[in-house]
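*Asks:* Here's my sequence, what's the structure:
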Amino acid sequence: MDILIKNGIVLTMDKQKRILKNTSVGISDGKITEIREGITEEADFVIDARNKIVMPGLINTHTHLPMTLFRGVADDLPLEKWLNEEIWPIEGQLETKHVYAGSLLGCLEMIQSGTTCFNDMYFFMDEVARSIEESGIRGCVSHAMFDFGDTSKIAEMLGHGEETVKKYREGRIRAFIGPHAPYTCSEELLLGAKELADKHRTRIHIHIAETKKEVNDSKEQKGSPPFEYLDKIGFLGENVLSVHSVWASKKERGILKKRGVKVVHNPISNMKIASGVAPVPEYIKKGICVSLGTDGAASNNNLDMFEEMKVCTLLHKINSMDPSTVPAYNVLEFATINGAKALGMENEIGSIEVGKVADIILVNLNRANLTPLTNPVSHIVYATKGADVDTVIVDGKVLMQNQQLRTLDLEDVLKFANEETKKLFAKAGKESKLF
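*Replies:* Take a look at the predicted model:
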């Protein structure tokens, strides 16, 4: 046995929803080989999990990792102004080194806060992949595609997407096809993206129906709201991850269910930009797979999935004026096994089961905010902070133990990120944004 995690409270997230006391987990060759009380076999590395919750690593199904460099740059603005006047002008000056620095910083932040797998959309995806490789985390990458109706750009965009998918097909780094949104992509580009995803048997990662304005514009320009339009052109299917999905009508929710589309909910980003409240309770009732994402650090402003879980359940309770809406266990599913399903990886990650890959985190219960322990699920969703994560294991390798990073150097990454942010902002003429 390579690693033995012994005597913990194991929150399995399996189909039986088992929560096991005084239980040990054995790991060999990167996979979970045993889950039972009193394992006595020898192991190369033993982790004492007394007073700790052992659970699947959290899965962040939508982010823009390099945008950690934009944290706090453009707050308190509507989406269109946020994008057009603040974010896109800086992004237009991006170079590979900026993306690499922001990605490393994002990987570090996620490891420290218990995320073991993420789904990213951005540019220069080789640099994002480089950060995944070096940090030891698991990630899915999508090259952002858009043509704003300029069909001369379609071949270039599809080329970038296909190149990325061909390069990252297995192991800790996978690739999806990433058309940005219906309002930034022509019909030809959207259908080309679908064709590529089908050809390479991979997922489509796309923003849909984030704001009311997007819906109104779609009705005016295309004759129907976004989901109806996408269904009409034959774009939607089981391999589509629909990010945001805030403004889906009753009819469109039926379309999502029929087509098997997966919804990625981003409650904090949606609240911060005042995009609206996604109809998550209705998605749950229809049996639509809902997962959870932070979005980028420019619109959140962190990558803490524990915070995302708490805000998610509280948002829907107050929106419905019903405290039973979107209960804690549902939200924990969003961030673990549903995230795995959304990424097509439910047979590999998302729960602690024999045969699955060992993507596991340990939460330290020896904290004032987690005492006394009455309900592990409640504690994880309502009381735990990312800073309570003690140990992170991905692919059977320890990335952090006792809150000490094993693969990245904290000071080096922070210094690198600060230096590259200064260079990027100077190039974009935004030095005044830096404090």
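
*Asks:* Report pLDDT for the closest residue to E238 other than its chain neighbours.
*Replies:* Distance criterion Cβ to Cβ, 6 or more residues apart in numbering; nearest residue to E238, sequence neighbours excluded, is G260 at 3.6 Å. Every residue, glycine included, has its C-beta placed from N, CA and C. Taken from the predicted model, the pLDDT recorded for G260 is 98.

*Asks:* Test my guess that G260 contacts G237.
*Replies:* Yes. Applying Cβ atoms under 8 Å, one finds G260 in contact with G237, separated by 6.7 Å.

*Asks:* how many neighbours does T421 have?
*Replies:* Counted with other Cβ atoms under 10 Å, the neighbours of T421 add up to 23.

*Asks:* For L94, see how far away it is.
*Replies:* If you measure T421 against L94 using Cβ to Cβ, to the nearest Å, the figure is 11 Å.

*Asks:* any shared contact partners between the two?
*Replies:* With contacts taken as Cβ atoms under 8 Å, 6 or more residues apart in numbering, T421 and L94 have no neighbour in common.

*Asks:* Strands of the stretch 201-350 of the chain, residue ranges please.
*Replies:* Across the stretch 201-350 of the chain, reading from the start of the chain, the strands by DSSP state E, counting those that start in this stretch fall at 204-208, 240-244, 262-265, 290-292.

*Asks:* can you tell which of those is closest to P281?
*Replies:* strand 290-292 (9.8 Å; Cβ to Cβ).

*Asks:* Need the residues that contact that closest one.
*Replies:* Taking Cβ under 8 Å, 6+ apart as the criterion, the residues outside strand 290-292 that touch it are 59-61, 241, 262-267, 280, 283-284, 305, 308-309, 312, 331, 334-335, 338-339, 341-342.

*Asks:* and it, which strands flank it?
*Replies:* For strand 290-292, sheet partners with direction are given as strand 262-265 (parallel), following DSSP bridges.

*Asks:* Convert the C-alpha atoms of the partner strand to PDB, please.
*Replies:* Written as PDB, here are the backbone C-alpha positions of strand 262-265 (Å, rounded to 0.1, in the frame of the first residue of the first chain):
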ATOM      1  CA  LYS A 262     -25.300  19.600 -17.800                       C
ATOM      2  CA  VAL A 263     -25.700  22.900 -16.000                       C
ATOM      3  CA  VAL A 264     -22.800  24.600 -14.200                       C
ATOM      4  CA  HIS A 265     -24.000  26.900 -11.500                       C
END
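
*Asks:* In a strand, M400, correct?
*Replies:* Yes. Judged by DSSP: H, G, I helix; E, B strand; the rest coil, M400 forms part of a strand.

*Asks:* For K17, which of the strands of the stretch 201-350 of the chain is the nearest?
*Replies:* Checking the strands of the stretch 201-350 of the chain against K17 by Cβ to Cβ gives strand 290-292 as the closest, at 17.2 Å.

*Asks:* Any idea how far that closest one is from the middle of the chain?
*Replies:* For strand 290-292, the separation from the chain centroid amounts to 9 Å (computed by Cα atoms, centre = their mean, to the nearest Å).

*Asks:* what mean pLDDT would you report for that strand?
*Replies:* Computed over strand 290-292, the mean pLDDT rounds to 98.

*Asks:* Among the contacts of strand 290-292, which ones are in helices?
*Replies:* 267, 280, 283-284, 305, 308-309, 312, 331, 334, 338-339, 341-342 (DSSP state H).

*Asks:* doesn't A274 make contact with S299?
*Replies:* No. Using Cβ under 8 Å, S299 is not in contact with A274; the gap is 11.1 Å.

*Asks:* Centre-most residue in the protein?
*Replies:* Nearest to the geometric centre of the chain sits N60, at 2.0 Å (Cα atoms, centre = their mean).

*Asks:* Give the phi and psi angles for the nearest residue to that one once chain neighbours are set aside, as a check.
*Replies:* Spatial nearest neighbour of N60, excluding adjacent residues (Cβ to Cβ, 6+ apart): F118 at 4.2 Å. F118 adopts backbone torsions of phi -140, psi 160, taken as degrees, to the nearest 10.

*Asks:* repeat for G350
*Replies:* Here the main-chain torsion angles of G350 (degrees, to the nearest 10) amount to phi 100, psi -10.

*Asks:* Relative to I59, how far out is it?
*Replies:* Note on G350: its distance to I59, by Cβ to Cβ, is 7 Å.

*Asks:* Pull out the buried residues from the worst-scoring helix or strand of the chain on mean pLDDT.
*Replies:* Taking mean pLDDT, DSSP states H and E as the measure, helix 79-81 is the helix or strand of the chain with the lowest mean score, a mean of 85. Residues of helix 79-81 classed as buried under the neighbour-count rule (16 or more other Cβ atoms under 10 Å) are L79.

*Asks:* mind checking how far the very next helix or strand once past it is from the chain centre?
*Replies:* Per DSSP states H and E, the first helix or strand lying C-terminal to helix 79-81 is helix 88-91. Taking the mean of its C-alpha atoms, helix 88-91 sits 23 Å from the chain's own mean (Cα atoms, centre = their mean).

*Asks:* Residues in contact with helix 88-91: which ones?
*Replies:* Outside helix 88-91, the residues that reach it (Cβ under 8 Å, 6+ apart) are 70, 73, 123, 424-425, 428, 430.

*Asks:* what about burial for those residues, which qualify?
*Replies:* A residue is treated as buried here by neighbour count (16+ other Cβ under 10 Å); on that basis the buried members of the contacts of helix 88-91 are 70, 73, 123, 424-425, 430.

*Asks:* Looking at those residues, which is nearest L373?
*Replies:* Proximity to L373 was ranked across the buried ones among the contacts of helix 88-91 by Cβ to Cβ; first place goes to F70, at 38.2 Å.

*Asks:* Got the phi and psi for that closest one?
*Replies:* Dihedral angles of F70 (phi, psi; degrees, to the nearest 10) stand at phi -100, psi 10.

*Asks:* right, and it touches A298 too?
*Replies:* Yes. The pair F70 and A298 qualifies as a contact (Cβ under 8 Å) at a distance of 3.8 Å.

*Asks:* where do the helices sit along the stretch 101-250 of the chain?
*Replies:* 125-135, 154-167, 187-200, 212-222, 226-232, 250-259 (DSSP state H, counting those that start in this stretch).
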